[in-house]
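[1] Need a 3D model of the sequence below.
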Amino acid sequence: MSTAAAGPATPDVVCAFAVTRTPPDPAALAASRGHEEGGPLRVLSAGDLCLVVQDVPAALFDAEALTERLNRPDDLERCARAHHRGVEAAAGRGPVVPLPMATLYRG
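    Purely as a prediction, here's the structure:
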């Protein structure tokens with residue numbers, strides 16, 4: 001996979017929001033903040049697919065921390081809204097496949 005836009009130098013965890021065949025609008029990605037604790041939304045390309053992702057701190061998004069956060073209603077709502085913003089940014093130019101909330105990858 002190649003990176004279309006650079007994020008922080010050493011991402012701890014990558015949060016994936018959606019997959020699309022139509023490259024998202026760079027302005028829509030820049031305008032959306034995704035998770036407040038994370039870096040800017042960016043696109044990872046794999047062949048003709050575009051994956052909209054965001055680098056987020058592992059301390060807040062590892063299995064234990066995320067389980068705790070998703071069991072608190074206010075944090076669950078913030079995570080759901082952040083995920084929705086990421087999917088919306090991906091969908092600005094065409095159809096997308098939203099990924100499940102909290103789809104996370106290391107490195």
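[2] Quick one: list the elements packing against the helix or strand containing Asp55.
    Secondary structure from DSSP states H and E places Asp55 in strand 49-56. In terms of contacts (3 or more CB pairs under 8 Å, 6 or more residues apart in numbering; DSSP states H and E), strand 49-56 is packed against strand 13-20, strand 41-46, helix 73-90. Quick note: C-beta positions are derived from backbone N, CA and C, even for glycine.
[3] For Thr35, which non-adjacent residue is closest in space?
    Wrong residue type there; residue 35 is His, not Thr. Counting by CB to CB, 6 or more residues apart in numbering, the nearest residue to His35 once its immediate chain neighbours are dropped is Ala82, at 4.3 Å.
[4] For the residue nearest to Phe61 when sequence neighbours are not counted, give its distance to Pro26.
    With sequence-adjacent residues excluded and distances taken as CB to CB, 6+ apart, Phe61 is closest to Val13, at 4.8 Å. Separation of Val13 from Pro26 (CB to CB, to the nearest Å) stands at 23 Å.
[5] Where does pLDDT dip in the chain?
    Applying pLDDT under 70 to the chain flags the ranges 1-11, 107.
[6] from memory Arg21 sits against Asp48, does it?
    Yes: using CB atoms under 8 Å, Arg21 is in contact with Asp48, at 5.8 Å.
[7] Please say which of those two ends up with more neighbours.
    Arg21 (13 against 8; other CB atoms under 10 Å).
[8] in the strand or helix carrying Glu64, what's buried?
    Per DSSP H and E, Glu64 falls inside helix 63-70. Residues of helix 63-70 classed as buried: 66, 69 (neighbour count, 16 or more other CB atoms under 10 Å).
[9] same thing with stretch 43-60?
    Going by 16+ other CB under 10 Å, stretch 43-60 has these buried residues: 43-44, 50-57, 60.
[10] Present those as TSV; the columns should include distance to Arg78.
    What follows is the buried residues of stretch 43-60, written out as TSV (distance: CB to CB, whole Å):
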residue	distance to Arg78
Val43	23
Leu44	24
Cys50	25
Leu51	22
Val52	18
Val53	18
Gln54	14
Asp55	17
Val56	12
Pro57	15
Leu60	11
